[in-house]
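Participant: Give me a model of this one.
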Amino acid sequence: MTVKRIKGVVWALICLVAFIGAVWIGADYRRDVDAARERLATGSQIAETRCGPIEYAVAGEGPPVLVVHGAGGGFDQGLIIGAPLVKAGFRVIAVSRFGYLRTPLPQDASAAAQADAHACLLDALGIPRTAILGASAGAPSAMQFAIRHPERCRALVLLVPATFMPRSGEEPSVKRPPGLVALFSTLLRSDFLFWLAPHISRAAVEKAIMGTPPAVVEQASPAEQARMLQMIDQIMPVSPRRLGLLNDGAVVTTLPRYDLERIDAPTLVIDAADDLYGFYAGAQYTAAHIPGARFVGYPTGGHMLIGRQDEIEAQITAFLR
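Facilitator: From the prediction side, this is the model:
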């Protein structure tokens, strides 16, 4: 066989392997994205409120807790965050914030407007008063709810919260993990690219998007590693969350100082010092300025508080009870 023919055979084999790989990847992608879309299609309801349509889901029985998801979320992320509360005997109302899934993005999509929308949803559901849990980028509207609707806020929980932190010069309150802007500028444009990213480098996604040091995840229990994977998978499909993610970026990176001293609801604030979004100092500052607030800080765990789930469940459940 000539060298030319050998090269031709090699290239043919390479092309065949690439084709088989593409077919295999495409089949996996279609399976995963179809499952994600089916989950979204059957898990929520739409409330027609005076603030417009709002998507939500309810789980459990007992005292109500409004769970306000973080960036990349929707009602489905809220249900994941609220699952331990359901087991503890609470009724979780998981909302999709502005621009996420089936809740439209209004012209005024500020944290204050979102807080008013939380009140509108409660009106539609006939809930006069509730505890509220705001996670990450959901914390600003949770705080605004406590400020703007104090008679309706029984308690406030801020989990790895995006909050104002006074810093020197022009440095913003919130830091962006290395690689976040580059990843988001590409991944938000395509469900396929977002699905592919953790298959190429899960560590990069854990660090740049989930705000957690990969080493922390590697050292965690299998259950906590599975929780991280669940939270990554939950973001799929990303396309119906894109407007909400972009709005969160605008809101979180320009946070003003709220009138924290006006919050009179019992408040619990939780974060980890190695949160790669740099929220820890802001969480401490917020807890220090809300009257009577309690701050729980962990040395490690990252933005996803990996390795701390059991402790945090116990802290929040005891606080709400």
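
Participant: give the contact list for Phe279.
Facilitator: Counting by Cβ atoms under 8 Å, 6 or more residues apart in numbering, Phe279 touches 136, 160-163, 174, 271, 303. Yep, even glycine has a C-beta here, placed from its N, CA and C like the rest.

Participant: Throw the residues you listed into TSV and include pLDDT and neighbour count, thanks.
Facilitator: What follows is the contacts of Phe279, written out as TSV (pLDDT from 0 to 100; neighbours: other Cβ atoms under 10 Å):
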residue	pLDDT	neighbour count
Ser136	97	28
Val160	98	27
Pro161	97	26
Ala162	96	29
Thr163	96	27
Val174	66	19
Asp271	98	29
His303	97	26
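
Participant: Farthest pair within the residues you listed?
Facilitator: Farthest-apart pair in these is Thr163 and His303; separation 13.4 Å (Cβ to Cβ).

Participant: so Ala131, which of the three states?
Facilitator: Of the three states, Ala131 takes strand under DSSP: H, G, I helix; E, B strand; the rest coil.

Participant: Could you do Ala155 as well?
Facilitator: Reduced to three states with three-state DSSP, the structure at Ala155 is strand.

Participant: beta partners for it?
Facilitator: Listed by DSSP bridges, the beta-bridge partners for Ala155 are Ala131.

Participant: Looks to me like Ile54 is in a strand.
Facilitator: Yes - the assignment for Ile54 is a strand, going by three-state DSSP.

Participant: hey, what's it bridged with?
Facilitator: Beta bridges link Ile54 to Ala47, judged by DSSP bridges.

Participant: doesn't Asp116 make contact with it?
Facilitator: No - applying Cβ atoms under 8 Å as the test, Ile54 and Asp116 come out as separate, 11.2 Å apart.

Participant: Would you map the strands across this structure?
Facilitator: 45-49, 52-59, 64-68, 91-95, 130-135, 153-159, 267-272, 294-298 (DSSP state E).

Participant: what's the closest of the ones you listed to Gln107?
Facilitator: strand 52-59 (10.8 Å).

Participant: thinking again about what came up before, make CSV out of the strands of the chain and add distance to Pro104.
Facilitator: What follows is these, written out as CSV (distance: least, Cβ to Cβ, whole Å):
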stretch, distance to Pro104
strand 45-49, 11
strand 52-59, 6
strand 64-68, 17
strand 91-95, 13
strand 130-135, 21
strand 153-159, 25
strand 267-272, 30
strand 294-298, 35
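
Participant: Mind checking which of the contacts of Phe279 are in helices?
Facilitator: For these, not one is inside helices, with DSSP state H as the criterion.

Participant: Sort out which one of the residues you listed lies nearest Gly282 for me.
Facilitator: Minimum distance to Gly282 across the contacts of Phe279 is 4.0 Å, recorded for Thr163 (Cβ to Cβ).

Participant: Excluding chain neighbours, give the residue nearest to that closest one in space.
Facilitator: Leaving aside its sequence neighbours, Thr163 sits nearest to Gly282 (Cβ to Cβ, 6 or more residues apart in numbering; 4.0 Å).

Participant: likewise Gly78?
Facilitator: Take Gly78 and drop its neighbours on the chain: the residue closest to it by Cβ to Cβ, 6+ apart is Ala94, 2.9 Å away.

Participant: How about the contacts made by that neighbour?
Facilitator: Residues in contact with Ala94 (Cβ under 8 Å, 6+ apart) are 56-59, 67, 69, 75-79, 81-82.

Participant: if we go to 10 Å?
Facilitator: Contact analysis of Ala94 by Cβ atoms under 10 Å, 6 or more residues apart in numbering lists 43-44, 55-59, 65-69, 73-83, 133.

Participant: Next: Leu260.
Facilitator: 143, 146-147, 163-164, 267, 285-291, 293.

Participant: Walk me through the regions of this structure where pLDDT falls short of the threshold, as ranges.
Facilitator: Where the chain drops to pLDDT under 70, the residues are 1-26, 169-187.

Participant: now with 50?
Facilitator: 3, 6-24 (pLDDT under 50).

Participant: show me where it has helices.
Facilitator: Under DSSP H, the chain gives helices at 3-42, 75-87, 111-125, 139-148, 180-187, 191-200, 202-208, 214-218, 222-234, 242-252, 280-289, 309-320.

Participant: All good on my end, thank you.
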